[in-house]
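Enquirer: quick one: sequence plus predicted model below, questions after.
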Amino acid sequence: MSMKFGLKIHHSTARMMIVVAIAIFGIASVKLVDNALAREQVNESTTAAPNGEKVVTIHDRGQERSIVTTVGTVKEALKAADISVDEKHDVVEPSLDTQLVSTKYNVNVYRARPVTVADGTHRVRVVTAQQTTPLIAQAAGVTVYPEDKTTIEPPSDFLLDGADVILKIHRATPLQLTLYGKTTEVRTMARTVGELLREKNITLGKDDGMSVPESTPITAGMHLSVWRNGKQTVTVEEEIAVPVEQVKDANRETGFKQVKEAGAPGKKNVTYEIEMRNGQEISRRIIASVTTVEPKKRVELVGAKSANTFSGSFSEALARLRSCEGGYTSNTGNGYYGAYQFDKHTWGGFGGYSVASDAPPSVQDEKAWQTYKARGWQPWPSCKVRMGLQDIYR
């Protein structure tokens, strides 16, 4: 009896020990798995492997190649993979000077190839690694508008294009659209005005009118107007003229001009109240104006020095001539003007002034000196004799 009881105890103990062992083994296994996963997560998030190795996968010409390297930049990685690139034309992403600080990288190499951009009858050939049509067109110096359609095609004429890829540009039609008083240039692939309205999400209201029927074909340069009868407001961007400041330089001859600062026009948003009736603008008035870009002043250096300083006896001779002819502002109505009585033909708009009497004294003196150099005292025969002027200054 006691032996059977002892045997049962031993059997129970054995079973208990097996269960405990399995439990301990399971916990240990879970811990091992957890530790392994933790190490993997750490490795994934670590910026660099302990030994500095990185896995660089290079995509080039449709092929993929992976290398393990310790180099520091993309350029060095390509060299280690024995892959050469044309730095002037090929495009590498990330860029060649990118520092390799992580453990895994994907490098894309886009090879430059010849592309012919066909824009109607105009063709431009360019060697580029760009992949999108806007960037290819930009590399060729060709503007592509959002409304234009582009296609990339294989060469169809080997004699004309060789092996070049062809970028064809199908141009949208440009036209002027005045929408409720605001005129802009738009482009469209639509064939009729009605299709254009739907393309631009323009819905005509009950009080709206249009300059042509919706069935009108779209043509290049046409002007389409959409208006709303009655009063309405419209805001347009307008240019602010460049202000000009002239700085006079007494050391420069009269007529000299030099731009020191080119300046730039400004911009403003102007809101108008417009009244329309049957497509005709009846009235327009400004109700608000906000400057968005201040204009930059244009600074000009202009000469203020006479070609002759009129020093000495010639200055005195001019003073004697003026005392005989008239004052700087003389305008007696006889067709002769100013201190030296120039007629309009002889004056010839000198210095930008229509008649001599409108010009400042320095400009009139300058014209008198130039006239004297060319003709002596001949234009003033009476005063020459009366004042005893001698032709000794030329």
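Expert: All right, it came through fine. Residues are numbered from 1 along each chain as shown.

Enquirer: ends of stretch 248-267, how far apart?
Expert: 29 Å (CA to CA, to the nearest Å).

Enquirer: residues in contact with that stretch?
Expert: For stretch 248-267, the external contacting residues (CB atoms under 8 Å, 6 or more residues apart in numbering) are 237-244, 247, 291-307, 351, 362-363, 366. For glycine as for every other residue, the C-beta is placed from the backbone atoms N, C-alpha and C.

Enquirer: hmm, try it at 6 Å
Expert: Residues from elsewhere that reach stretch 248-267, judged by CB atoms under 6 Å, 6 or more residues apart in numbering: 237, 239-240, 242, 292-305, 307, 366.

Enquirer: repeat for stretch 378-387
Expert: 320-321, 324-325, 371, 377.

Enquirer: how about a cut-off of 8 Å?
Expert: Here stretch 378-387 makes contact (CB under 8 Å, 6+ apart) with 317, 320-321, 323-325, 340-341, 346, 371, 377, 389.

Enquirer: can you give the strand pairings for the helix or strand where Ile287 lies, parallel or anti for each?
Expert: In this assignment (DSSP states H and E), Ile287 forms part of strand 280-293. Neighbouring strands of strand 280-293 in its sheet, by DSSP bridges, are strand 266-277 (antiparallel).

Enquirer: quick one: buried residues of the strand it pairs with?
Expert: If you call a residue buried by 16 or more other CB atoms under 10 Å, then strand 266-277 has these buried ones: 266, 268, 272, 274, 276.

Enquirer: how about the helices in this structure?
Expert: 2-45, 74-80, 133-139, 158-161, 193-199, 313-325, 344-347, 361-375, 381-387 (DSSP state H).

Enquirer: roughly how far does the closest residue to Leu96 other than its chain neighbours sit from Glu147?
Expert: Nearest residue to Leu96, sequence neighbours excluded (CB to CB, 6 or more residues apart in numbering): Lys75, at 3.9 Å. Counting by CB to CB, to the nearest Å, the gap from Lys75 to Glu147 is 40 Å.

Enquirer: so how do I select the buried members of the contacts of stretch 248-267 in ChimeraX?
Expert: Selection of the buried residues among these in ChimeraX, burial being defined by 16+ other CB under 10 Å:
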select :240,295,298,299,301,303,304,305,366
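
Enquirer: mark which of the contacts of stretch 248-267 are part of strands, please.
Expert: 237, 239-240, 292-293, 298-305 (DSSP state E).

Enquirer: so Gly141 is in contact with Val124, correct?
Expert: Yes. Gly141 is within contact range of Val124, at 6.9 Å (criterion: CB atoms under 8 Å).

Enquirer: ok, those two, which is more surrounded?
Expert: Val124 (15 against 9; other CB atoms under 10 Å).

Enquirer: what sits closest to the spatially most central residue of the chain if chain neighbours are left out?
Expert: Residue closest to the mean C-alpha point of the chain, counted by CA atoms, centre = their mean, is Thr143 at 12.4 Å. Once flanking residues are discounted, Thr143 sits nearest to Ala137: 7.2 Å by CB to CB, 6+ apart.

Enquirer: distance of the one you found from Val144?
Expert: According to CB to CB, Ala137 and Val144 sit 4 Å apart.

Enquirer: report the residue spans of the stretch 1-150 of the chain with pLDDT below the cut-off.
Expert: Filtered on pLDDT under 70, the stretch 1-150 of the chain yields the residue ranges 1-50.

Enquirer: redo that, cut-off 90
Expert: For the stretch 1-150 of the chain, the stretches with pLDDT under 90 are 1-52, 61-62, 88-89, 113, 130-133.

Enquirer: ok, the stretch 201-350 of the chain next?
Expert: Ranges of the stretch 201-350 of the chain meeting pLDDT under 90: 205-209, 227-234, 236, 246-257, 274-282, 284, 302-317, 320, 332-333.

Enquirer: now do 70
Expert: 254, 305-312.

Enquirer: please, where are all the strands along the stretch 101-250 of the chain?
Expert: Under the criterion DSSP state E, counting those that start in this stretch, the stretch 101-250 of the chain carries strands at the ranges 104-110, 113-119, 122-128, 149-153, 165-170, 173-179, 182-188, 208-210, 223-228, 230-240, 244-253.

Enquirer: let me know which of these is tucked in deepest.
Expert: For the strands of the stretch 101-250 of the chain, the largest average neighbour count (mean count of other CB atoms under 10 Å) is found in strand 113-119, namely a mean of 19.

Enquirer: which one of Ala137 and Val144 has more residues nearby?
Expert: Ala137 (23 against 20).

Enquirer: make a markdown table out of the strands of the stretch 101-250 of the chain and add distance to Gln63.
Expert: Output for the strands of the stretch 101-250 of the chain, formatted as a markdown table (distance: least, CB to CB, whole Å):
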| stretch | distance to Gln63 |
| --- | --- |
| strand 104-110 | 10 |
| strand 113-119 | 16 |
| strand 122-128 | 21 |
| strand 149-153 | 22 |
| strand 165-170 | 20 |
| strand 173-179 | 44 |
| strand 182-188 | 41 |
| strand 208-210 | 58 |
| strand 223-228 | 53 |
| strand 230-240 | 52 |
| strand 244-253 | 63 |
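
Enquirer: right, I'll call it a day here.
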